[in-house]
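**Q** Next input, structure requested:
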Amino acid sequence: MEKTTMTVTIDAGLMSMFEQRCAEIGISIEEGFARITSAATLDMTFLLELLSDPFYSEVNVKKLREHSESVEAGIAALDRLVAESEYA
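**A** Predicted structure coming up:
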């Protein structure tokens, strides 16, 4: 698919909130805009919901970091993370 560059002028506060929301759900700003434009053109709607991926939730990322530190310190094994995961 050929890509093009788009320049958008947007309120600074709204852009900051959009950046934060994209980060929370684990997508880039570019991906966020791509999803919005796809919904507007393909689905003919501007009403859409950007759902978060539970893998990127604050709680899960914190668990992953803590476990990674434990593995690096030789305290834990890699299989414990999968067994304790609420997504397994």
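
**Q** roughly how far apart are residue 58 and residue 31?
**A** To residue 31, residue 58 is 19 Å away according to Cβ to Cβ, to the nearest Å. C-beta coordinates here come from the backbone N, C-alpha and C atoms, glycine included.

**Q** Repeat that for residue 4.
**A** Look at residue 4 and residue 31: by Cβ to Cβ, they are 16 Å apart.

**Q** mind giving me the domain split of this protein?
**A** Following automatic domain parsing, the chain resolves into domains at 1-50, 53-88.

**Q** By mean pLDDT, show me the worst of the ones you listed.
**A** The weakest mean pLDDT among the domains of the chain belongs to domain 53-88, with a mean of 72.

**Q** Of residue 4 and residue 31, which one has the most company?
**A** residue 31 (13 against 4; other Cβ atoms under 10 Å).

**Q** and that one, how far is that from residue 67?
**A** To residue 67, residue 31 is 27 Å away according to Cβ to Cβ.

**Q** so which helix or strand takes in residue 18?
**A** Using DSSP states H and E, residue 18 maps to helix 12-25.

**Q** how about that helix: buried residues?
**A** Residues 18, 22 are the ones in helix 12-25 that count as buried (16 or more other Cβ atoms under 10 Å).
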